[in-house]
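Student: How does the following fold in three dimensions:
(chains A and B)
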Amino acid sequence: MHALFTVFAKEFLENLRDRRTLVSALLFGPLFGPILFGAMVSRMLNQSVIESDEPLHLTLSGKEHAPGLVTYLESHGVTLAYKSLSESEARSAVRNGSMQVVVIVPAEYPARFSEALPAPVLLVADSADSQARKSTDRARQLLASYASGIAQLRLQARGVNPLLALPVAVNDIDVATPTGRAVVILGFMTYFILFAVLMGGLYLAIDSTAGERERGSLEALLSLPVPRASLVGGKLLATCAYMCISLSISLTAFVCVFRFVPLERLGMSANLGVGTALEFFGICLPFVPLGAALMIFVASFTRSYREAQTYLTSVLLVPTLPIAFASIYSLKTKSSLMFVPSLSQHLLMTSVLKDDALAPGDVLVSALSSLSLAALLVVLTARHWRRETMLG
Amino acid sequence: MIDANALCKHFGSVEAVSHVSFSARDGQITGLLGPNGAGKSTCLRMLYGVLAPDSGSASIDGVDIRGETSAARAHLGVLPHAAGLYNNLTARENIEYFGSLHGIDRNRVHRRIADLAHVLDMETFMDRRVKGFSQGQRVKVALARALVHDPGNLILDEPTNGLDVMAIRNLREMLYALKAQGRCILFSSHIMQEVAALCDRVVIIGDGRVLADDTPEAIRERSGARTLEEAFLQILGDGAGIR
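Tutor: Numbers count the residues shown, from 1 in each chain, chains lettered A, B, ... in the order given. Next comes the predicted model:
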């Protein structure tokens, strides 16, 4: 036990003096997420404000064929630009981005319109352009409401109750609460938190294993009368300590960022205060030894610092896999998923954000599954350290 | 006292060390001499307990070295071939770390470091970070680290590698001083002059086998050669065929 703390104290001190470790563990790792987040949310905020305030711009070709439609659109605040375009000209203009949405009224429109046959209108737009999609939707909506207005007038003129043409009245009820909507975006945040945890221990895990071997200090260390498990334990503990510091910095930064980003203006409310941050810390705490054990385990098998760096950067991506899986299949919090580390932390943190009550059983299973996987990795690592191949 | 008893070790199909037996006695400097790849390092690694022999045994003062916490390790100081230090720690912290891992209490470690700093003449750089130390300074720190628990036995694997003439001279004097204190010193080398100048006893290893084990003088006389170097080449030729 004494040896374990000696190793811990030395690794902690040594890495505190290493500038690269400090930058990656205590600056880049924990602050990357919050800063990216603040920037992303601010940008979304600006964009949505612009979109709702701006009048709809449409390019209209063949205005002489449909004076009624033109009047209707103008009376609904659409800014129309009149051009005479063929269909292929309109297509290429939209494709190269010089126009966003083009409405073409063909020459046969007036004849068919007056005969009460479906009169063609072409709506040329690029559905892959997410910027233009809003305008396209608004244009489509306006055209549809113009058409249904005309239809009602025609029915009335023939002495038919226009309501006959409305057999079903659909009412949209959107149950997304402001918090619920925020969760979609904030779901990414949980990954950045787990990323901060892993980054916090990355360099220490490499330095104290592959680094120790590459520097040539390992052999002298292994000749000492110290159980190998104590060496591994001390290095693990030091890695955990840096991960906890990184986690704390990351959570503090998130709390600060969300104090300055007015989420309410997006119609969202994120309850990320000090209390939530503390809950997050508690949820992530069992993930810390798992992350540390995984990194030390992987780094112990590598031959050099460089090799360790290569493998461990992929370890950084490991917690994304379950989270990505969860987003693709939009998994909801379920007790059976609490056995999966990183996914369980993601789901628990999301629940906290949604203001859902946490089931104590879920929290316990999440913690125990992460901790037992960590314990298994520690045992395997210690066993590897007892092997001769450890000398390299 | 360091004993090798019929040590055998193979890596894959390569027989690295084969039935090696010898003793290094207290108050003597024993040199393990052999060409590159003869099995010197493998042999020493088994003696300081980081490699387990396939058969045979290694003991320090009669205690078997095997086992992570063997009592034999407490009586042995080791300066491995790669005696790396922790660059972000000071010389003192490097030495303290090993003292603490040996389970020695702080005050004794501090006293011991003060002694070593004086003996090894390292007071001027004791509290500087190791990063940027000269090779000579590094060897001193590594040697102090190996001696922090005041062991009766010392194993050094090619300690003069990379040292300049002055530093080699210094090291030689240090080893004489340690020998005078009655310690058992075993070191490996492939440099003849070094061994001839330093050793009370020489064990010549070729192809993983002991080819000679005697005083330098006796080895030279027996082979009828004028110098130890000629004797060495002759013995290697007899033992392993002319390369």
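
Student: Every contact and neighbour count from this point should use C-alpha atoms.
Tutor: Fine.

Student: In three-state terms, label B:Ser18 for me.
Tutor: Here B:Ser18 is recorded as strand under DSSP: H, G, I helix; E, B strand; the rest coil.

Student: For it, give me its contacts.
Tutor: B:Ala6, B:Leu7, B:Cys8, B:Lys9, B:Gly208, B:Arg209 (C-alpha atoms under 8 Å, 6 or more residues apart in numbering or on different chains).

Student: mind running it again at 7 Å?
Tutor: Taking C-alpha atoms under 7 Å, 6 or more residues apart in numbering or on different chains, we find B:Ser18 in contact with B:Leu7, B:Cys8, B:Lys9, B:Gly208, B:Arg209.

Student: Ramachandran angles for B:Ile155?
Tutor: For B:Ile155, the backbone dihedrals (degrees, to the nearest 10) come out as phi -110, psi 130.

Student: Can you tell me which residues in the stretch 151-300 of chain A are near chain B?
Tutor: Counting by C-alpha under 7 Å from any C-alpha of the partner chain, the stretch 151-300 of chain A comes close to chain B at A:Arg215, A:Gly216, A:Ser217, A:Glu219, A:Ala220, A:Leu222, A:Ser223, A:Leu224, A:Pro225, A:Val226, A:Pro227, A:Arg228.

Student: thinking again about what came up before, now render the contacts of B:Ser18 as CSV, adding neighbour count.
Tutor: Shown next, in CSV, are the contacts of B:Ser18 (neighbours: other C-alpha atoms under 10 Å in any protein chain shown):
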residue, neighbour count
B:Leu7, 23
B:Cys8, 23
B:Lys9, 23
B:Gly208, 24
B:Arg209, 23
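
Student: Taking those residues, tell me the two that lie furthest apart.
Tutor: Farthest apart among these by C-alpha to C-alpha are B:Lys9 and B:Arg209. That separation is 11.1 Å.

Student: Next, show the common contact partners of these two.
Tutor: Common contacts of B:Lys9 and B:Arg209, defined by C-alpha under 7 Å, 6+ apart, comprise B:Val17, B:Ser18.

Student: so after the worst-scoring helix or strand of chain A on mean pLDDT, what's the next helix or strand?
Tutor: When each helix and strand of chain A is scored by mean pLDDT, DSSP states H and E, helix A:29-53 comes last, with a mean of 75. Moving toward the C-terminus from helix A:29-53, the next helix or strand (DSSP states H and E) is strand A:57-61.

Student: What is that next one packed up against?
Tutor: Counting contacts by 3 or more C-alpha pairs under 7 Å, 6 or more residues apart in numbering or on different chains; DSSP states H and E, strand A:57-61 is packed against strand A:79-82, strand A:102-104.

Student: ok, back up a step: tell me the most packed of the residues of the stretch 151-300 of chain A next to chain B, by neighbour count.
Tutor: Among those, A:Leu224 has the most neighbours (other C-alpha atoms under 10 Å in any protein chain shown), with 26 neighbours.

Student: For the residue nearest in space to the middle of chain B, name its beta-bridge partners.
Tutor: Residue closest to the average C-alpha location in chain B (C-alpha atoms, centre = their mean): B:Leu156, at 1.8 Å. Beta-bridge partners for B:Leu156, by DSSP bridges, are B:Leu79, B:Phe187.

Student: How about the contacts made by it?
Tutor: Residues in contact with B:Leu156 (C-alpha under 7 Å, 6+ apart) are B:Val78, B:Leu79, B:Pro80, B:Leu186, B:Phe187, B:Ser188.

Student: Am I right that the fourth one is in contact with B:Leu33?
Tutor: No: judged on C-alpha atoms under 7 Å, B:Leu186 makes no contact with B:Leu33 at a distance of 10.7 Å.

Student: ok, how many other residues are close to B:Arg226?
Tutor: Neighbour count of B:Arg226, defined by other C-alpha under 10 Å: 10.

Student: helix or strand for it, which one?
Tutor: Per DSSP H and E, there is no helix or strand for B:Arg226.

Student: ok, it to B:Leu211 distance?
Tutor: From B:Arg226 over to B:Leu211 the distance is 19 Å, taken as C-alpha to C-alpha, to the nearest Å.

Student: what's the weakest-modelled helix or strand in chain B?
Tutor: In chain B, no helix or strand scores lower on mean pLDDT, DSSP H and E than helix B:228-240, which sits at a mean of 79.

Student: Just the buried residues of that helix, please?
Tutor: Applying a neighbour-count criterion of 16 or more other C-alpha atoms under 10 Å in any protein chain shown, the buried positions in helix B:228-240 are B:Leu228, B:Glu229, B:Ala231, B:Phe232, B:Gln234, B:Ile235, B:Leu236, B:Gly239.

Student: can you pick the most crowded of the contacts of B:Leu156?
Tutor: Compared across the contacts of B:Leu156, B:Val78 has the highest neighbour count, 29 neighbours, by other C-alpha under 10 Å.

Student: okay, now the closest residue to A:Met99 other than its chain neighbours: neighbour count?
Tutor: Of all residues not flanking A:Met99 in the chain, A:Ala93 sits nearest, at 5.7 Å (C-alpha to C-alpha, 6 or more residues apart in numbering or on different chains). A:Ala93 has 18 neighbouring residues, counting by other C-alpha under 10 Å.

Student: my read is B:His81 is in a strand, agree?
Tutor: No: secondary structure of B:His81 (three-state DSSP): coil, not part of a strand.

Student: residues contacting the closest residue to it other than its chain neighbours?
Tutor: Closest residue to B:His81 apart from its sequence neighbours, by C-alpha to C-alpha, 6+ apart: B:Asp157 at 4.8 Å. Applying C-alpha under 7 Å, 6+ apart to B:Asp157 gives the contacts B:Ser41, B:Leu79, B:Pro80, B:His81, B:Phe187, B:Ser188.

Student: distance of B:Asp157 from chain A?
Tutor: According to C-alpha to the nearest C-alpha, to the nearest Å, B:Asp157 stands 11 Å off from chain A.

Student: Identify the residue spatially nearest to the residue lying farthest from the centre of chain B, adjacent ones excluded.
Tutor: Distance from the C-alpha centroid of chain B peaks at B:Gly224, with 28.9 Å (C-alpha atoms, centre = their mean). Leaving aside its sequence neighbours, B:Gly224 sits nearest to B:Ala231 (C-alpha to C-alpha, 6+ apart; 7.4 Å).

Student: Now do that neighbour against chain A, distance only.
Tutor: Counting by C-alpha to the nearest C-alpha, the gap from B:Ala231 to chain A is 33 Å.

Student: Are we agreed that B:Val203 is in a strand?
Tutor: Yes: B:Val203: assigned to a strand according to three-state DSSP.

Student: hey, what's it bridged with?
Tutor: Going by DSSP bridges, B:Val203 forms beta bridges with B:Leu32, B:Asp213.

Student: State the distance from it to B:Ser223.
Tutor: As judged by C-alpha to C-alpha, B:Val203 and B:Ser223 stand 15 Å apart.

Student: ok, these two, which is more surrounded?
Tutor: Taking neighbours as other C-alpha under 10 Å, B:Val203 and B:Ser223 compare with B:Val203 leading, 23 against 15.

Student: quick one: pLDDT of that one?
Tutor: B:Val203 is assigned 94 on the pLDDT scale.

Student: ok, now which ones touch it?
Tutor: Contact analysis of B:Val203 by C-alpha under 7 Å, 6+ apart lists B:Gly31, B:Leu32, B:Leu33, B:Val210, B:Ala212, B:Asp213, B:Asp214.

Student: pretty sure the third one contacts B:Ser188?
Tutor: Going back to what we said before, that points to B:Leu33. Yes: the pair B:Leu33 and B:Ser188 qualifies as a contact (C-alpha under 7 Å) at a distance of 5.9 Å.

Student: Need the CA coordinates for the helix or strand hosting B:Leu154. CSV is fine.
Tutor: When elements are assigned from DSSP H and E, B:Leu154 belongs to strand B:153-157. In CSV, the C-alpha atoms belonging to strand B:153-157 read as follows (Å, rounded to 0.1, in the frame of the first residue of the first chain):
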residue,chain,number,x,y,z
ASN,B,153,25.5,-6.3,-3.4
LEU,B,154,25.6,-4.3,-6.6
ILE,B,155,25.0,-5.4,-10.2
LEU,B,156,26.0,-3.0,-13.0
ASP,B,157,25.3,-3.8,-16.7
